[in-house]
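S.K.: predicted model and sequence follow; I will ask about them next.
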Amino acid sequence: MTPSAALPLVVRDEVAAALADGCGVVALETTIVVHGLPRPQNLEVAAACEAAVRAAGAVPATIGLLDGRAVVGLTPEELDRLADPARDAMKLSARDLGLALAAGRDGATTVAGTIWLAHRAGIVVMATGGLGGVHRDAIHTFDESADLTTLSRTPVMVVASGVKSILDVGATLERLDTLGVPVVGYRTTDFPGFYRRSTGFTLDWSVADPASAASAFAAHRALGPTGMLLANPVAAASELDADLHDAALASALAEAERRGATGKAVTPVLLEEFARYTAGRSVATNADLVVANAGLAGAIARELSGRS
Ligand code: PSU
Ligand code: MN
């Protein structure tokens, strides 16, 4: 283990060695495991993501707070402990990290929390299912995920299947524009919507392979401090049926309102209701897309390391 002098940041040996040797490393988040997917699929998906990164020739670094330390490279046993409902791990965005560490709290990191720590560990690529964004009623609630602002000041590439269709997709793309975060489609100029391949919003940029994604990000990073979103649509065979999707979405939005969910509880409630309404089909779609994103991130991290 390599404890940082300034931060209680523990970078596990395999990750530290990969970084020192210039090998590709992919950061993986834990909110999707603890608050996004139901048990026991959550741990299976986490293991499949790590395997997909390895199969692509890179090293996975699953990130979370455990026993008062920020760990970069959680073991499967540690992840199992973090995801134990009895532990009641918090959902941590970037702003929460220092406070949770000081309080010795366990916590799962969102995209924002994960890239914040990944960057400090020297990792430049992260994979998840869907980036957080602007919520539909944001004009009244101001609910915009800190994933966006954090990505605007953290030079990490996030590989995701766009943003969840539960959000205001157009407003999210506008905010990413304002914040200086480029959005690049992977083999598409049609911005994907998580469970669905298309949102109907068109992107200016796309790349055709991991090498092009790596060179695009390297050039972007050489010019400034913002991150980048690489939007990789879910495989056609895994996409949720359009009618089922729309009905589940309406039900999820109604359920969040009925329960009075606000703040960081909103996204987990919406995902949970999607899973219930679709009898688990949304969970299968979510699993397929996040594992695919981890594999693609692995291939890009390998390209960026110059080892391929
Ligand atoms: N992708 C998934 N499932 C998830 C998330 C992403 O497939 O649960 C999580 C990420 O951690 C992301 C968070 O940062 O949803 C967004 O939460 P909020 O809207 O509260 O910022
Ligand atoms: Mn929010």
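M.R.: Arrived safely, thanks for sending. Residues are numbered from 1 along each chain as shown. Ligands and ions are numbered 1, 2, ... in the order given.
S.K.: quick one: buried residues of stretch 52-72?
M.R.: Residues 52-53, 56-66, 69-72 are the ones in stretch 52-72 that count as buried (16 or more other C-beta atoms under 10 Å). Any C-beta I mention is one placed from the backbone N, CA and C, and that applies to glycine too.
S.K.: and the residue of this structure closest to ligand 1?
M.R.: Gly129 (2.0 Å; C-beta to the nearest ligand atom).
S.K.: so which residues on the stretch 201-308 of the chain come close to ligand 1?
M.R.: 264, 267, 271, 286, 290 (C-beta under 6 Å from any ligand atom).
S.K.: can I get the residues you listed in TSV including secondary structure, pLDDT and distance to Ala254?
M.R.: TSV is the format used below for these (DSSP: H, G, I helix; E, B strand; the rest coil; pLDDT from 0 to 100; distance: C-beta to C-beta, whole Å):
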residue	secondary structure	pLDDT	distance to Ala254
Lys264	helix	92	20
Thr267	helix	93	16
Leu271	helix	95	15
Asn286	helix	98	20
Val290	helix	98	26
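S.K.: by neighbour count, which of those residues wins?
M.R.: The most crowded member of those, judged by other C-beta atoms under 10 Å, is Val290 (30 neighbours).
S.K.: now for the strand ranked longest in the chain, which elements pack on it?
M.R.: Using DSSP state E, we find that the single longest strand of the chain is strand 59-66. On a contact count with 3 or more C-beta pairs under 8 Å, 6 or more residues apart in numbering; DSSP states H and E, strand 59-66 meets helix 13-20, strand 25-28, helix 41-55, strand 69-72, helix 76-82, helix 97-103, strand 107-109, helix 111-121.
S.K.: tell me which strands that strand pairs with, and in which orientation.
M.R.: Sheet pairing of strand 59-66 (DSSP bridges) gives strand 25-28 (parallel), strand 69-72 (antiparallel), strand 107-109 (antiparallel).
S.K.: buried stuff in the shortest one?
M.R.: The reference is to strand 107-109. Here strand 107-109 shows 107-109 as buried, counting by 16+ other C-beta under 10 Å.
S.K.: who in the stretch 1-150 of the chain is up against ligand 1?
M.R.: So the stretch 1-150 of the chain meets ligand 1 at 29, 31-32, 36, 110-111, 128-130, 132, 145, 147 (C-beta under 6 Å from any ligand atom).
S.K.: picking that back up, how about JSON lines for the strands paired with strand 59-66, with distance to Val11 and mean pLDDT added?
M.R.: Below are these laid out as JSON lines (distance: least, C-beta to C-beta, whole Å; pLDDT from 0 to 100):
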{"stretch": "strand 25-28", "distance to Val11": "10", "mean pLDDT": "98"}
{"stretch": "strand 69-72", "distance to Val11": "5", "mean pLDDT": "98"}
{"stretch": "strand 107-109", "distance to Val11": "15", "mean pLDDT": "98"}
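S.K.: tell me which residues of stretch 253-265 are tucked away?
M.R.: 253, 255-256, 261, 264.
S.K.: for the closest residue to Ala89 other than its chain neighbours, list the residues it contacts.
M.R.: Nearest non-adjacent residue to Ala89, counting by C-beta to C-beta, 6 or more residues apart in numbering: Asp106, 4.4 Å away. Listed by C-beta atoms under 8 Å, 6 or more residues apart in numbering, the contact partners of Asp106 are 64-67, 82, 87, 89-90, 100.
S.K.: please state the offset of stretch 254-274 from the chain centre?
M.R.: 19 Å (C-alpha atoms, centre = their mean, to the nearest Å).
S.K.: ditto for stretch 153-166
M.R.: That offset, for stretch 153-166, works out to 6 Å (C-alpha atoms, centre = their mean).
S.K.: how far away is Arg175 from Arg196?
M.R.: 21 Å (C-beta to C-beta, to the nearest Å).
S.K.: Val291 too?
M.R.: According to C-beta to C-beta, Val291 and Arg196 sit 18 Å apart.
S.K.: can you check the pLDDT for the spatially most central residue of the chain?
M.R.: Nearest to the mean C-alpha position of the chain, counting by C-alpha atoms, centre = their mean, stands Thr128 at 2.9 Å. According to the prediction, Thr128 has pLDDT 98.
S.K.: alright, that wraps it up for me.
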